[in-house]
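1. Would you be able to build a 3D model of this:
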Amino acid sequence: MRQVVLDTETTGLYADRGDRIVEIGCIELLERRPSGRTFHSYLNPDRDFSPGAQEVTGLTLDFLADKPRFNEVAEEFLAFVDGAELVIHNAAFDIGFLDAELALLGPQFGKMQARCTVEDTLQMARMRYPGQRVSLDALCRRLGVDNAQRQLHGALLDAQLLTEVYLAMTSGQSELGLASTTGKTTQATTKVKTEFETTGERPRVRVEAAELEAHRARLEAIRRKAGRCAWDGLEPAPAG
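-> Numbers count the residues shown, from 1 in each chain. The predicted structure follows:
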């Protein structure tokens, strides 16, 4: 399964009023693990920011002046996402802007949903946490994803955070620590995969009594705070 976690930053909220994309960030997942491949580009929008939008991103027209325009990166971007499932928080917003950018290039480029399927994590979160805040920051806090670096919105950083949030929401297990797709996390993942493919058996792990008790205490703390946890119903019945 190939997925691309995607985020954009824009000059404002309304693509149909001429607002443009100023940044695109994408992270590729293969079988739900970061492959190490990313796409990232700042873009010259050839227009000013709408009121308030510049404060959200921290970007300036001076910074973007020498950056490529969307038409200059379109082919590389489309090659990166074509055929993938896009994972986007508030997909209607990003897809609307991408479709608007493609329309400026000509009808031969079509629309994004003719190229990709889309998974909207905003809708997913609303179903999972009805009546609660489901912004990316709120989900990071709820799911224990470290977003301390997110002082401003940035497309690649937000895509990294959304990767962790999405995996946490859809797995029920700890697959966090993926904001960086290099280093010890990737190496450990590769080692386990290689051993599994070589032996055909998953490694057996012996859990000490103290570790098991700490695990149960942690689950109970989660239940007190959230009312339930993803492990409920999965723990073995106590020996009788």
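
2. Tell me if I'm right that residue 82 and residue 116 touch.
-> Yes - in this structure, residue 82 is within contact of residue 116 by CB atoms under 8 Å, at 7.1 Å. C-beta coordinates here come from the backbone N, C-alpha and C atoms, glycine included.

3. can you tell me how far the closest residue to residue 115 other than its chain neighbours sits from residue 75?
-> Leaving aside its sequence neighbours, residue 115 sits nearest to residue 82 (CB to CB, 6 or more residues apart in numbering; 5.2 Å). Here residue 82 is placed at a distance of 10 Å from residue 75 (CB to CB, to the nearest Å).

4. Rounded mean pLDDT for whatever helix or strand residue 139 lives in, please.
-> Assigned by DSSP states H and E, residue 139 falls within helix 136-143. For helix 136-143, mean pLDDT rounds to 92.

5. Just want the angle from the very next helix or strand once past that helix to helix 136-143.
-> Going down the chain from helix 136-143, the next helix or strand is helix 155-171, by DSSP H and E. Angle, helix 155-171 to helix 136-143, by axes from the mean of the first three to the mean of the last three CA atoms, to 10 degrees: 40 degrees.

6. helices or strands up against helix 155-171?
-> On a contact count with 3 or more CB pairs under 8 Å, 6 or more residues apart in numbering; DSSP states H and E, helix 155-171 meets strand 2-10, strand 21-30, strand 33-42, strand 85-88, helix 121-128, helix 136-143.
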